[in-house]
Structure formats: structure tokens, C-alpha cells
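1. okay, here's the prediction I keep looking at, along with the sequence it came from:
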Amino acid sequence: MLKKYIEIYRECIKISISTAMTYRFNFILDNFIMLVSNTLFPLVTLLIYGSGAEFPNWSLYEVLLIQAVFTMSTGVANIFFSGVLWATMRHIIEGSLEIALIKPVNCLFFLIASTVEFSSLSLFLGGGVMFAIALSHIGPVSILMVLQFLVLFMSGVCVMMGISLIMAATSFKWVGNSRLPEIFDSIKYFGRYPQNIFHKTISGFTSFIIPVAMIGYFPAAALLGEANGTAFIAILPCFVFTMGGIFLFRHMIRLYEGVGG
């Protein structure tokens, strides 16, 4: 069974790559626009520090490291599962979800696999370049710090996956909820700042209620040797969001009755 799912996922990735290569100019343009639009904020950070201002107790490259991790996490999410919301909404509006439901594989798996999109590849690569530059100015990191970073980084990706699935699940009863991602993006952007610049109420919200601090701040803090118990406790709500998103999506599929939700 696992082998079958791996093969299906591999074929979906091949199809996505083939589609991108069919319209190469559009693929290049999409990646370029995505990269430019998401690198403007680090440029703002450079301007802030260039003017003599700063985030208290944070050097330029430490802040850039947080924003690089945030950019990489967002790139991973956009490539592998952010398209689930739009695909689910489109299927429900067009009444074509039944086509996915009759597939001899799990419907959620099929939707995730079939919406792999490489138009955000430049976002991940650009974040990776910024990550390497920032890390080279910070100092050596230990193997333990790297392992902590990987665990926290994956937790940040998981919370984005969970929230994407929750938003997609609402499409079964709230068709046309395209404004929800905008609301989440507004909250998510708190994750690209040092959390100690916020009031404790806000940092508590972004650490444990909707743990967007895990998308950028906590993984970067691990590489800076500043990951404390709060960072690892925050893994729990990330896990809750992921499992909650999967459970809610599967539950809403069982309640699905046809066109329009």
C-alpha cells in the first residue's frame, strides 16, 4: 500500500514538472515575481539597520536569519500543500469533487499530491541563499543546534499544513472563503520578527494559540543557541493543528453531499 502511494506521489510530481516545463516562460515569470515580492521585506530590514535603527538586542544578520527561515518555510508550504484550499474550493464549486472521491486512494492524499506546485521554488531557493549568508556572519553551530533547527523547522511547516487543511475543510460548508488565507497571512507575518519585541500577550498568542513563531523565529533561535523550553513546548500546538486539520478535512468529506457543499 505504501509503495502504491509513493508511486502515485512521484507521478504527480512528474506531471507538475512537465506542466511547468510546457509553459516555461510563465514558470520563470511566476518564480521571478514570487521571489521579488517576498524579498522586499528583507530589503526593508537592511534599510532599517542601514539608517542606524535596529530591533533591540538583535543584530542585522540574526534578524535576516529569522526572515530567511520564514521564507524557506513558506516556500516549502507553497510547493507541497498550499494548493489544497484552492483545489478543494474549485472542486466543490464545479461539482467535480466526486472525481477525486472515486479514486482508489485517500481523497486528501490525492488532493495534496495533485496540487504540488513549483512556482514557489525560487522562494525556497532565495530563502536558502539568504539563510547561508546570514548564517555565515553569525558563527559556528553545533550538531545539536542543527538537529533542534530541523525539528523546529518541520514543526513550522506542519502548522502551516494544518491551517491549510482547516481552511480547506471550511470550504465544504463555506464555499468561496478565499479571504481566509489573507487573514492567516496577516497573522503568519508575526513569525518573521524576533518575538521578544512584542508584548507578552502577543508572543504568547503566536507561540501557543496560533504558533506562527515556529515558522521563522523558533528555528532560527535554535541556530543562535537561544532555543529554550518555550520553543519545544510550542511543538505541541503545531502537532495539534496538523492532526486537527487532517481530522477536520476527513470529517467534512464524510459530510459532503454534492455541488455547493
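-> Good, I have the coordinates.
2. helix, strand or coil for F55?
-> coil (DSSP: H, G, I helix; E, B strand; the rest coil).
3. which residues touch it?
-> Remark: with contacts taken as C-beta atoms under 8 Å, 6 or more residues apart in numbering, F55 is in contact with V63, Y193, P194, I197. Backbone N, C-alpha and C define where each C-beta goes, glycine included.
4. distance of it relative to V63?
-> Going from F55 to V63 by C-beta to C-beta, to the nearest Å gives 6 Å.
5. shared neighbours of the two, anything?
-> Y193, P194.
6. before we move on, the earlier item: now distance to G216, secondary structure and pLDDT too, for the contacts of F55, in JSON lines please.
-> Shown next, in JSON lines, are these (distance: C-beta to C-beta, whole Å; DSSP: H, G, I helix; E, B strand; the rest coil; pLDDT from 0 to 100):
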{"residue": "V63", "distance to G216": "10", "secondary structure": "helix", "pLDDT": "90"}
{"residue": "Y193", "distance to G216": "8", "secondary structure": "coil", "pLDDT": "87"}
{"residue": "P194", "distance to G216": "10", "secondary structure": "coil", "pLDDT": "88"}
{"residue": "I197", "distance to G216": "13", "secondary structure": "helix", "pLDDT": "85"}
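7. now the buried members of these.
-> The neighbour-count test (16 or more other C-beta atoms under 10 Å) applied to those identifies V63, Y193, P194 as buried.
8. phi first, then psi, for the last one.
-> When you say that, I think you mean P194. Backbone geometry at P194, expressed as degrees, to the nearest 10, gives phi -60, psi 130.
9. assign the nearest residue to it once chain neighbours are set aside to helix, strand or coil.
-> Distances taken as C-beta to C-beta, 6 or more residues apart in numbering place W58 nearest to P194, at 5.1 Å, with adjacent residues excluded. Secondary structure, three-state DSSP: W58 is coil.
10. phi, psi of W58?
-> Recorded main-chain torsions at W58 are phi -130, psi 130, according to degrees, to the nearest 10.
11. one step back: of the contacts of F55, closest to T45?
-> The shortest separation between T45 and any of these is 5.6 Å, and it belongs to V63 (by C-beta to C-beta).
12. show the model's pLDDT score for E257.
-> At E257, the model reports a pLDDT of 68.
13. do a quick rundown of the helices in the chain.
-> Along the chain, the segments classed as helices by DSSP state H run 2-22, 24-50, 60-80, 83-94, 97-101, 107-114, 121-136, 143-170, 180-188, 200-204, 217-223, 229-233, 235-255.
14. any idea which of those gets closest to I210?
-> Ranking the helices of the chain by proximity to I210 (C-beta to C-beta) places helix 180-188 first, at 5.7 Å.
15. now for the closest one, which elements pack on it?
-> Contact partners of helix 180-188 among helices and strands, from 3 or more C-beta pairs under 8 Å, 6 or more residues apart in numbering; DSSP states H and E: helix 143-170.
16. quick check: the residue nearest to P194 vs A220, distance?
-> Between W58 and A220 the distance is 10 Å, computed by C-beta to C-beta.
17. and if you look at S96?
-> Summarising the geometry, the distance separating S96 from A220, computed by C-beta to C-beta, is 41 Å.
18. and G229, by the same measure?
-> Remark: distance between G229 and A220 (C-beta to C-beta) = 17 Å.
19. which one of these two has more residues nearby?
-> Counted by other C-beta atoms under 10 Å, G229 and A220 do not tie: A220 has more neighbours, with 29 against 7.
20. tell me which residues touch the more buried one, please.
-> The neighbourhood of A220, defined by C-beta under 8 Å, 6+ apart, consists of E62, L65, I66, A68, V69, F149.
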